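> Build me a structure from this.
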Amino acid sequence: MKICIFGAGAIGGHLAARLHRAGARVSVIARGAHLAAIQANGLTVHAIDGQHSAAVAAAADPAELGPQDAVFVTVKAPALPAVAARIAPLLGPDTPVAFVMNGIPWWYFDHLPGPHQGKSLPRIDPGDALRQALGPGRTLGGVVYSASAVTAPGVIEVEQPKSRVILGEPDGTMSDRVRTLSDLITKGGISGEATPAIRTEIWNKLISNLAGGTLAVLTGGAPKGAYIEPAVQQAALRMMQEAAAIAQALGADPATDHARRIAGQRSMDHKPSILQDLELGRPMEIDGMFDAPLVLAHMAGVAAPTLELLVALSKLRARTAGLYA
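As a prediction, this is how the structure comes out:
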């Protein structure tokens, strides 16, 4: 099976190595020193189950790789317009494209029953560029749990004890393509899971990201340090409650054991990716992770005052750094 990973950073590179280990013919779209290192020496992933090396095809231009049996898009949200402009050479007649990313996805309202069905999210997909580039029927949703970082060109360190990738169809069906890709991920040594409720899984992760990510951006440290202050813990709890209410108003059913989420973040030493981006001067996922949930709150008529405040402060922090307009 030919599979291309569009965006071979920490998450994409780890996924590429796992799919290679499972026997897929894997290629990656990368750039700069990371691309050069992969072309010269392949990918090296250090994880809890050992070191994994993967000699994969790598290119900056998708046209060099040609049509694929499946594509995983693992870039961060600010890079999506570039994906829309460049993905066409990877697409055969039936190539599915799985968006394995943080935050509210551009396709969120596709096949979603109710008054918002089919609506666009222009801050995430300006001009509906992805919708037009992909056409109907290709899109799969994805959620990943794999705290990791690129520590050197071509080298990825995975801190997550148990990495997971969850895939699902926007229309809630349990399709063969979702099962096939999930099984292949599992064969590669991490947990690949198929779900009929991908939006619920998106919110299950996003609820934690909203609290941990905003606090990390504002404090400059991993969530563990922020939770020393009781008032911060209470603010995080209110953010989680508000986010869960937004999800429920739009038909998703995330877990509401927020005490468990907070307990997990109290011990979290890993800096969230959005804080890593701030520190490294890279474009930040403000729109998908922080702003889009509030757009959905307004659409659903759900009050979210704590989220409004913490997201506004995070935007100001990002603007001060010149990383958000």
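> Quick check, residue 175 in contact with residue 167.
No. Using CB atoms under 8 Å, residue 175 is not in contact with residue 167; the gap is 9.5 Å. Bear in mind the C-beta positions are built from the backbone N, C-alpha and C, glycine included.
> what about these two, which has more around it?
In terms of neighbours (other CB atoms under 10 Å), residue 167 is the more surrounded of residue 175 and residue 167; the figures are 28 against 16.
> my guess is residue 140 is in a strand, correct?
Yes. With DSSP: H, G, I helix; E, B strand; the rest coil as the criterion, residue 140 is located in a strand.
> Next up, the contacts around it.
The contact partners of residue 140, taken as CB atoms under 8 Å, 6 or more residues apart in numbering, are 96, 97, 98, 99, 167, 168, 169, 170, 177, 178, 181.
> Tabulate those (a markdown table), appending pLDDT and secondary structure.
Output for those, formatted as a markdown table (pLDDT from 0 to 100; DSSP: H, G, I helix; E, B strand; the rest coil):
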| residue | pLDDT | secondary structure |
| --- | --- | --- |
| 96 | 98 | coil |
| 97 | 98 | strand |
| 98 | 98 | strand |
| 99 | 98 | strand |
| 167 | 98 | strand |
| 168 | 98 | strand |
| 169 | 98 | coil |
| 170 | 97 | coil |
| 177 | 98 | helix |
| 178 | 98 | helix |
| 181 | 98 | helix |
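> Can you add distance to residue 153 and give those back as a markdown table?
Shown next, in a markdown table, are the contacts of residue 140 (distance: CB to CB, whole Å):
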| residue | distance to residue 153 |
| --- | --- |
| 96 | 30 |
| 97 | 26 |
| 98 | 25 |
| 99 | 25 |
| 167 | 29 |
| 168 | 33 |
| 169 | 36 |
| 170 | 35 |
| 177 | 33 |
| 178 | 33 |
| 181 | 28 |
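> for the stretch 101-250 of the chain, what spans make up the helices?
All helices of the stretch 101-250 of the chain, identified by DSSP state H, counting those that start in this stretch, fall at 129-134, 176-187, 198-219, 223-226, 230-249.
> Go through those helices and pick out the most buried.
Across the helices of the stretch 101-250 of the chain, averaging neighbours per residue (mean count of other CB atoms under 10 Å) puts helix 198-219 on top, at a mean of 24.
> now for it, which elements pack on it?
With contacts taken as 3 or more CB pairs under 8 Å, 6 or more residues apart in numbering; DSSP states H and E, helix 198-219 sits against strand 139-145, strand 164-168, helix 223-226, helix 230-249, helix 258-266, helix 273-280, helix 305-320.
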